[in-house]
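1. Sequence below, structure please.
(one chain, ligands or ions: 2)
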Amino acid sequence: MLVFPNAKLNLGLYVTERRPDGFHTLESVFVPLPWTDALELLPAPAGQSETSIMLTGRPIPGDPATNLCVRAYALLQADFPQLPAVQLYLHKIVPIGAGLGGGSADAAFALKAANELFGLKLTVESLESYARRLGSDCAFFIRNKPVLAVERGDVFEEIDLNLDGTACVVVYPNLHIGTAEAYAHIRPQQPAHPLRAALAQPISTWRGTVSNDFETALTPSYPVLAEIKQQLYAAGAAYASLSGSGSAVYGLWANGEPAATTWPVEYTVWRGVL
Ligand SMILES: C[C@@](CO)(OP(=O)(O)O)[C@H](O)COP(=O)(O)OP(=O)(O)OC[C@H]1O[C@@H](n2ccc(N)nc2=O)[C@H](O)[C@@H]1O
Ligand SMILES: Nc1ncnc2c1ncn2[C@@H]1O[C@H](COP(=O)(O)OP(=O)(O)O)[C@@H](O)[C@H]1O
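-> Ligands and ions are numbered 1, 2, ... in the order given. Have a look, this model is predicted:
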């Protein structure tokens, strides 16, 4: 089975408290971004008794045996011993350590693909609970529709937000910012403007009311983030922000087209429509 795990963007992100378990509570709206990897999951060929993964595209740091797709399938196998070994093929396109949730998306789509291919009949809730064990933002990719994420970023409230047709540019400056490192820069506090109410207003107002605490905390160490944001606004964006814990920065155009902009060759740039 071939699937295309997509990335996500964060519209606003507020880290509100540090929890006793070392994680943080947050408030953020997650929206799917149609920038995808390609993942194939097949029963392993005869004679292969262990699950294995073949990786192409963007290099993924770490041992392939610990890839989130492999870990996702192993979680299911632990509960469904009848599941055979599988051969996974992952062509990695979405930048890593970018705040785009790419690894979490691969894991969530591996769970969904295995559920379908092997007829496990797991409910959406059950798939979400497997996903939560793999990463805080992994469960989002099970339903994969705009939500207000709260608590550890793994509990979701519905939100009425239609961004269909909004033009978007995502710029990844080839800078890997680890999630744990990014959280270490943050001093938790309550948002100045409640996010749900701010996002209910036109995109043109978000610049003054919707922000990302990671952007505020990381920009002094990584001034390139502010430079990219400035360039997106210069290209006519109605709103621009860091996504998640970075380092990807996106711009949104509610009406009209992004002006042509030249970016350094080492950057990866995605242009499309939400
Ligand atoms: C910051 C966010 C916002 O959407 O996204 P990304 O920038 O990674 O895309 C998420 O909270 C990232 O979620 P995820 O990438 O799944 O993180 P996890 O693997 O669960 O945790 C990695 C590390 O981040 C910190 N962490 C994560 C989530 C959270 N609510 N509080 C935390 O303090 C912890 O130090 C943890 O050990
Ligand atoms: N399939 C995968 N794709 C991306 N990263 C993966 C994958 N499996 C494991 N990882 C690990 O997860 C981390 C990055 O995860 P990712 O979700 O891309 O981060 P972010 O959401 O911050 O962009 C890296 O340390 C990487 O080694």
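2. right, and Asp154 touches Leu134 too?
-> No. Using CB atoms under 8 Å, Asp154 is not in contact with Leu134; the gap is 10.3 Å. Quick note: C-beta positions are derived from backbone N, CA and C, even for glycine.
3. How about the contacts made by Thr166?
-> Residues in contact with Thr166 (CB atoms under 8 Å, 6 or more residues apart in numbering) are Ile203, Leu252, Trp253, Ala254, Val273, Leu274.
4. Stretch 221-234: how far from the chain's middle?
-> 20 Å (CA atoms, centre = their mean, to the nearest Å).
5. Same check on stretch 126-135?
-> Counting by CA atoms, centre = their mean, stretch 126-135 is centred 15 Å from the centre of its parent chain.
6. And for Thr125, the neighbour number?
-> I think there's a mix-up here, since residue 125 is Glu and not Thr. A count of nearby residues for Glu125, using other CB atoms under 10 Å, gives 9.
7. what's the distance between it and Phe80?
-> In this view, Glu125 and Phe80 are 17 Å apart by CB to CB, to the nearest Å.
8. Number of residues surrounding Lys121?
-> 8.
9. Distance-wise, check it relative to ligand 2.
-> To ligand 2, Lys121 is 26 Å away according to CB to the nearest ligand atom, to the nearest Å.
10. what's the helix ranked longest in the chain packed up against?
-> Counting residues, the longest helix in the chain under DSSP state H turns out to be helix 102-117. With contacts taken as 3 or more CB pairs under 8 Å, 6 or more residues apart in numbering; DSSP states H and E, helix 102-117 sits against strand 2-3, strand 6-18, strand 38-43, helix 68-79, strand 86-92, helix 124-132, helix 140-143.
11. Within range of ligand 1, give me the residues from the protein.
-> Counting by CB under 6 Å from any ligand atom, the chain comes close to ligand 1 at 10, 23-24, 26, 28, 99, 101, 104, 135-138, 152-153, 179-180, 183, 244-245.
12. Of all residues in the stretch 1-150 of the chain, which one is closest to ligand 2?
-> Closest contact between the stretch 1-150 of the chain and ligand 2, by CB to the nearest ligand atom, is at Gly103 (3.1 Å).
13. just checking, that residue touches Ile96?
-> Yes. Gly103 is within contact range of Ile96, at 6.8 Å (criterion: CB under 8 Å).
14. Please enumerate the helices of the stretch 101-250 of the chain.
-> Counting by DSSP state H, counting those that start in this stretch, the stretch 101-250 of the chain has helices at residues 102-117, 124-132, 140-143, 179-184, 195-199, 203-209, 213-218, 224-234.
15. Could you give me the buried positions within stretch 138-156?
-> Of all the residues in stretch 138-156, those buried under the rule 16 or more other CB atoms under 10 Å are 138-142, 144, 146-154, 156.
16. can you check stretch 216-229 too?
-> Neighbour-count burial for stretch 216-229 flags Ala217, Leu218, Thr219, Tyr222, Val224, Leu225, Ile228, Lys229 (criterion: 16+ other CB under 10 Å).
17. Out of these, which two sit at the greatest distance?
-> Between any two of those, the greatest separation by CB to CB is 16.5 Å, found for Ala217 and Ile228.
18. Which residue is it, in the stretch 101-250 of the chain, that comes closest to ligand 1?
-> For the stretch 101-250 of the chain, CB to the nearest ligand atom, closest residue to ligand 1: Gly244, 2.5 Å.
19. how near is that residue to ligand 2?
-> From Gly244 over to ligand 2 the distance is 6 Å, taken as CB to the nearest ligand atom.
20. tell me the contacts of the closest residue to that residue other than its chain neighbours?
-> Nearest residue to Gly244, sequence neighbours excluded (CB to CB, 6 or more residues apart in numbering): Gly99, at 2.9 Å. By CB under 8 Å, 6+ apart, Gly99 lies in contact with Asn10, Ile177, Phe214, Leu242, Ser243, Gly244, Ser245, Gly246, Ser247, Ala248.
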